[in-house]
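Asks: coords please:
(chains A and B)
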Amino acid sequence: MPTFYGTEFASRLMLGTAQYPSPAILADAFRRSGAGIATVSVRREADGGEAGQQFWSLIEGLGVALLPNTAGCHSVREAVTTAQMARELFGTPWIKLEVIGHADTLQPDPFGLVEAARILTEDGFQVFPYCTEDLVLCDRLLNAGCEVLMPWGAPIGTGLGLNNIYGLRSLRAHFAEVPLVIDAGLGLPSQAAHAMELGFDAVLLNTAVAKAGDPAAMAEAFAGAVSAGALAHQADPMPPRDMAAPSTPVLGKAFLE
Amino acid sequence: MNVVVRGSGVAGLCVAAELASRGHTVTVSDPNGGPGAHGCSWWAGGMLAPDCEGFAAEEPVIRLGRTAGAWWEAQGAEVSRRGTLVVALGRDRRELDIFARRTANHRWLDRDGVALAEPQLSGCFDRALMMTDEAHLNPRATLIALQGRLADAGVRFTTEPVDGERIVDCTGFAARAALPDLRGVKGEMVVLRAPGVSLTRPVRLLHPRFPLYIVPRGDGVYMLGATQIESGERSRATVRSVMELLSAAYALDPAFGEAELLEIGVDARPTFPDNLPRLIDVGGTLYVNGLFRHGFLLAPAMAQMTAQVIEKQETPELWHEYHA
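Replies: Predicted structure coming up:
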């Protein structure tokens, strides 16, 4: 099972906590997904100090580990300040680091991300960087002190799934020992299963669950898909091949001409 | 029965009206004397839109909200029954399909249909949804008129705390000390005067990040709403929120660019974890609370349930008990 910064989790599913129809439905989605980690956005709510406390108490009541994020931050300074605020609020060194480089697509700013990651790890944070699947960027993030990588499957909220299978395979192959989590872009359980089959350690979902007609049912569907994909990966899938391979010998035809 | 209603927001006045109409002696006690900027319903949109709200809200909101229009009309309120127009900009078109799939009582309009319904938006949208059964009212005018009507009918308004045979607390977010799972959901809104805009019904702009509704208030005045932030903060509209509201309005119709900013409002909506309202008995006081973003839509139904509790000792739907 996945281990992040020394803590092992029983689930390969992380859920975001934004955009649900109500906190009651959010809680239901967590129950049915079995997710072990909840991401929380501190940015919009935090400025008022205690103002968002009731919502956070609800999230804390879910009984899962909290991973605060810097969602909505567009600069290194904003992200670092938000991370410090999150550490105070939630008493955890964990931070899911988002530095947005493009307001429209919410694509990560790779340059700002590495800089912010370095500042935060030096300050004692355990950073979960939201990044693209770029191999060199991921390498730099590891050099900056990150021990987990969270590459996107596709841009946030698109539901397009895994856009660059080659790039994701390549990441998995190059960083065999690093926990890799698919953040962002998943819309369907089949896409999450695919990520698991590629050997990723976990997936993080928000919109796909929160914006489904029945978020709790969708959460359960994702949980099933993630288990299936992870089990399939452990079972060492057969490699695809171009020619059909009959599973029973065809009499009189030992070989194809 | 001699009933004291605490709070003169939409919940308090609806409860007072319902009880008074059934022959009870009602006193409304509010330190501010009557409806006003201190209460969350002052900042409401005033949409009676159960079908639109049903997109994100649970079933009771749709069902209980259906009768709100008739209830308000019976109180003499001016209810505009022109439906709601739901639109989405170019690349968010699929939001419209999802919205149509998950809501009821609507019909599709094509380009000509949109132009016919709201000439202001002619040529802006290839298609839109008309939520045919929806209505809206002017929340402030409605509250003030209702207060006047109640006073005429013998309901006493006082700024002093008073005692009665039965206390109904409708103080919203101010009651949170007694209701531990009540939380605030901050909302920010903007009021504009846009003489260049002539919308005749509420318009909702679907957007994955910045949804917007625009409610015409007459005389070229429009209310834009509303953000929804998990926070109990009752002041401090942020630049970001106001910018989002204004940009969405501008994207809907550039004529909003010339509008005059009349007001920026903010308050926290009293809300329970399931975002549904509740009737709760705490030590003999009956609390009507948690109307969230559905004050004008659900207060009439909550008022009727309150009367049911008081007159027949029944425990209606949405009845909750707190056990210490």
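Asks: could you report the neighbour count for the nearest residue to B:Leu96 once chain neighbours are set aside?
Replies: Nearest non-adjacent residue to B:Leu96, counting by C-beta to C-beta, 6 or more residues apart in numbering or on different chains: B:Ala88, 4.4 Å away. Every C-beta, even on glycine, is put in place using the N, C-alpha and C of the backbone. Neighbour count of B:Ala88, defined by other C-beta atoms under 10 Å in any protein chain shown: 23.
Asks: A:Tyr20 sits in which helix or strand?
Replies: Using DSSP states H and E, A:Tyr20 maps to neither a helix nor a strand.
Asks: for it, what are its contacts?
Replies: The contact partners of A:Tyr20, by C-beta atoms under 8 Å, 6 or more residues apart in numbering or on different chains, come to A:Leu26, A:Ala29, A:Ala210, A:Pro215.
Asks: out of these, which are close to chain B?
Replies: Checked against chain B using C-beta under 8 Å from any C-beta of the partner chain, those give no members in range.
Asks: which one of those is nearest chain B?
Replies: A:Leu26 (8.8 Å; C-beta to the nearest C-beta).
Asks: do I have it right that that closest one meets A:Gly16?
Replies: No - counting by C-beta atoms under 8 Å, no contact exists between A:Leu26 and A:Gly16, whose distance comes to 9.6 Å.
Asks: tell me, what's touching these two both at once?
Replies: The contact lists of A:Leu26 and A:Gly16 share A:Ala210, where a contact means C-beta under 8 Å, 6+ apart.
Asks: which residue does the stretch 1-150 of chain B bring closest to chain A?
Replies: Taking C-beta to the nearest C-beta, the stretch 1-150 of chain B has B:Ala56 as its residue nearest chain A, at 4.6 Å.
Asks: ok, that residue touching A:Gln19?
Replies: No - B:Ala56 is beyond contact range of A:Gln19, at 9.4 Å (criterion: C-beta under 8 Å).
Asks: related to what we said a few turns ago, show me the beta-bridge partners of the residue nearest to B:Leu96.
Replies: B:Leu206 (DSSP bridges).
Asks: tell me where the stretch 151-257 of chain A has helices.
Replies: Using DSSP state H, counting those that start in this stretch, the helices of the stretch 151-257 of chain A run over A:165-174, A:189-197, A:207-210, A:215-234.
Asks: can you redo those as JSON lines with mean pLDDT and mean neighbour count?
Replies: Shown next, in JSON lines, are these (pLDDT from 0 to 100; neighbours: other C-beta atoms under 10 Å in any protein chain shown):
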{"stretch": "helix A:165-174", "mean pLDDT": "94", "mean neighbour count": "15"}
{"stretch": "helix A:189-197", "mean pLDDT": "97", "mean neighbour count": "23"}
{"stretch": "helix A:207-210", "mean pLDDT": "93", "mean neighbour count": "24"}
{"stretch": "helix A:215-234", "mean pLDDT": "96", "mean neighbour count": "19"}
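Asks: and the residue of the stretch 1-150 of chain B closest to chain A, how many residues sit next to it?
Replies: For B:Ala56, using other C-beta under 10 Å, the count is 19.
Asks: what do you get for the one 10 residues further on?
Replies: Number of residues near B:Arg66 (other C-beta under 10 Å) recorded here: 16.
Asks: what does the stretch 51-200 of chain B put close to chain A?
Replies: So the stretch 51-200 of chain B meets chain A at B:Ala56, B:Ala57, B:Glu58, B:Arg101, B:Arg102, B:Arg183, B:Gly184, B:Lys186 (C-beta under 8 Å from any C-beta).
Asks: do the stretch 201-324 of chain B as well
Replies: B:208-209, B:229-233, B:236, B:238, B:240, B:273-276.
Asks: among these, who's most crowded?
Replies: Result: B:Ser231 is most packed of those (other C-beta under 10 Å), 26 neighbours.
Asks: distance check, that residue against A:Gln19.
Replies: Per C-beta to C-beta, to the nearest Å, B:Ser231 is found 16 Å from A:Gln19.
Asks: re the thing from before, show me which of the residues of the stretch 51-200 of chain B next to chain A is closest to A:Gly145.
Replies: B:Lys186 (36.0 Å; C-beta to C-beta).
Asks: B:Gly295 contacts B:Gly7, doesn't it?
Replies: No - using C-beta under 8 Å as the test, B:Gly295 is too far from B:Gly7 to be in contact (11.7 Å).
Asks: which helices and strands sit right next to the strand or helix carrying B:Thr142?
Replies: Per DSSP H and E: B:Thr142 is located in helix B:139-152. Contact partners of helix B:139-152 among helices and strands, from 3 or more C-beta pairs under 8 Å, 6 or more residues apart in numbering or on different chains; DSSP states H and E: helix B:10-21, strand B:156-158, helix B:295-312.
Asks: can you show me the CA trace of the first one as CSV?
Replies: Read that as helix B:10-21. Listed next in CSV are the C-alpha coordinates belonging to helix B:10-21 (Å, rounded to 0.1, in the frame of the first residue of the first chain):
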residue,chain,number,x,y,z
VAL,B,10,-37.5,36.0,6.1
ALA,B,11,-37.9,33.0,8.4
GLY,B,12,-39.2,35.1,11.3
LEU,B,13,-41.7,37.1,9.2
CYS,B,14,-43.0,34.0,7.4
VAL,B,15,-43.5,32.2,10.7
ALA,B,16,-45.2,35.3,12.2
ALA,B,17,-47.5,35.6,9.1
GLU,B,18,-48.4,32.0,9.1
LEU,B,19,-49.2,31.9,12.9
ALA,B,20,-51.1,35.3,12.8
SER,B,21,-53.2,34.0,9.9
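Asks: what residues sit buried inside that helix?
Replies: Across helix B:10-21, burial judged by 16 or more other C-beta atoms under 10 Å in any protein chain shown covers B:Val10, B:Ala11, B:Gly12, B:Leu13, B:Cys14, B:Val15, B:Ala16, B:Ala17, B:Glu18, B:Leu19, B:Ala20.
Asks: what's the nearest residue to the fourth one if we skip its chain neighbours?
Replies: Pointing back at B:Leu13 there. Nearest one to B:Leu13, counting by C-beta to C-beta, 6+ apart, is B:Leu146 at 5.0 Å.
Asks: many thanks, have a good one.
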